[in-house]
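Asks: Just the structure for this:
(chains A, B, C and D)
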Number of protein chains: 2
Amino acid sequence: MSRWEPHARERLEQAALQLFTEQGFGNTSVPQITERAGLTTRTFFRHFVDKREVLFAHEADFPELVAALMTQAPPSLSPMQLIAHGLHAVAALRFDGHRDILATRHHVIAADTGLLEREMRKYAALAAAITDCLRRRGTGDIEAMLTADIAVTVLRIAVTQWLDPTENRPLTALLDQTLIALASVTRAARPVG
Amino acid sequence: MSRWEPHARERLEQAALQLFTEQGFGNTSVPQITERAGLTTRTFFRHFVDKREVLFAHEADFPELVAALMTQAPPSLSPMQLIAHGLHAVAALRFDGHRDILATRHHVIAADTGLLEREMRKYAALAAAITDCLRRRGTGDIEAMLTADIAVTVLRIAVTQWLDPTENRPLTALLDQTLIALASVTRAARPVG
DNA sequence: ACCCGGATGACACTGTCTGTCATCACCATA
DNA sequence: TATGGTGATGACAGACAGTGTCATCCGGGT
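Replies: Numbering: from 1, shown residues only, chains lettered A, B, ... in the order given. Model prediction:
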């Protein structure tokens, strides 16, 4: 329920993304963003805890979404089967159809180390949610953490490829390709004898 | 070659870690640190690009170290065998014998989201170095990235356990345990049929 | 005795983020 | 229509992070 001009938050997000692409994240100040959005600096920090967060607001519910998907999956699936299914579900729900905007965003993030750090934190939060769900299904602690981290890594690698301008395959295909590579690489995983 | 009182950098690191443990990272200002070290604020930022970076300076050469270890390893090892060997080597060179200081540092980092972000960036840099070495050995792009990320994840999980006050096993044993869990979890990795 | 280079001090300045209070719009109710 | 409550916004002051710039100091070499 916004007052004055509606959609203050969305206006801030749009203005920020525009300015970041035009002149870079580091060269854009919060006053610049709020001026373009017709708001004040103080209001920006009421909507986003910091300047970086404006680029990640749209995926704030990712962990909850993943938790919901994993909870309603059949309990017979092994951890790796579960995450393979989950990755395809997430791809369909949140990536397919948004390649352009995601590529723009990805480009902005890749150009700033601070934004890369924040992105890693988001991935870590996602891994934590997956770990939690796996534990609730009875998976052991270490196995749950490993599986969750691997799931996030697979997603990250596949999405990065998917956003490459020279890449035309659908995200689903790239996820499968990455999962196959994972299987081949981990075949010889053994402690040092 | 330092002037005035020697070891300015080390004094700053010590003062920072002390203050962070006493009152937390967020409640400690850079002027506080430099006052305890007998230096000025400006000098702090000549030694560390960031307030956060003062906690990570001691491991700045980690990527180079890992690269050196991987380069001199026998070329016959598979990627996963290579990282298993590398993890044990790093454990012996940089972790064994420093559990107390590392636990203190770990505690400080775990209490601040900004420091956690920075730690993730350090892990990402390590993974990038490993990826690079693997590629140079002929490993495919995706396999190299996957293996590198998994190596870092295994290290992180094992170290976190190792720093638990109730844990008494050596890091080597915890690394092996994690690698065994990895083998069991990834046994069923397959794309969705 | 002189000079040179690197490290430090001093100072000003921009930008991020926070605390606080006043103000305004919308809504419910009388 | 009037009135009061609720929540978002504006306005302002301020702490702190981080940077640019110039002066100063130290040690070493000639």
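Asks: And the longest helix anywhere in chain A, what's buried?
Replies: As assigned by DSSP state H, the longest helix anywhere in chain A is helix A:113-136. Across helix A:113-136, burial judged by 16 or more other Cβ atoms under 10 Å in any protein chain shown covers A:114-124, A:126-127, A:129-131, A:133-134. In this view, the C-beta of every residue, glycine as well, is placed from N, C-alpha and C.
Asks: Next: stretch A:74-91.
Replies: Across stretch A:74-91, burial judged by 16+ other Cβ under 10 Å covers A:77, A:79-91.
Asks: which other helices and strands contact the longest helix of chain A?
Replies: helix A:62-71, helix A:79-90, helix A:99-110, helix A:141-162, helix B:113-136 (3 or more Cβ pairs under 8 Å, 6 or more residues apart in numbering or on different chains; DSSP states H and E).
Asks: Pipe those helices into TSV and attach distance to DNA strand C per row.
Replies: Shown next, in TSV, are the helices and strands packed on helix A:113-136 (distance: least, Cβ to the nearest atom of the strand, whole Å):
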stretch	distance to DNA strand C
helix A:62-71	21
helix A:79-90	28
helix A:99-110	14
helix A:141-162	24
helix B:113-136	9
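Asks: want to throw those helices into JSON lines with distance to B:Val159 and mean pLDDT?
Replies: As requested, those are exported to JSON lines (distance: least, Cβ to Cβ, whole Å; pLDDT from 0 to 100):
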{"stretch": "helix A:62-71", "distance to B:Val159": "24", "mean pLDDT": "96"}
{"stretch": "helix A:79-90", "distance to B:Val159": "22", "mean pLDDT": "96"}
{"stretch": "helix A:99-110", "distance to B:Val159": "27", "mean pLDDT": "97"}
{"stretch": "helix A:141-162", "distance to B:Val159": "12", "mean pLDDT": "98"}
{"stretch": "helix B:113-136", "distance to B:Val159": "10", "mean pLDDT": "98"}
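Asks: ok, back up a step: go through the buried residues of stretch A:74-91 and name the one nearest A:Ala67.
Replies: A:Gly86 (10.1 Å; Cβ to Cβ).
Asks: Quick check: phi and psi on A:Lys51?
Replies: The phi/psi pair for A:Lys51 (degrees, to the nearest 10) reads phi -60, psi -40.
Asks: Surely it touches A:Gln32?
Replies: No. Counting by Cβ atoms under 8 Å, A:Lys51 sits too far from A:Gln32 to count as a contact (10.8 Å).
Asks: quick one: which of the two has more around it?
Replies: Shown here are A:Lys51 and A:Gln32; by other Cβ atoms under 10 Å in any protein chain shown, A:Lys51 has more neighbours (19 against 15).
Asks: mind listing what the more buried one touches?
Replies: A:30, A:44 (Cβ atoms under 8 Å, 6 or more residues apart in numbering or on different chains).
Asks: Same question for A:Gly38.
Replies: A:Gly38 sits in contact with A:5, A:11, where contact means Cβ under 8 Å, 6+ apart.
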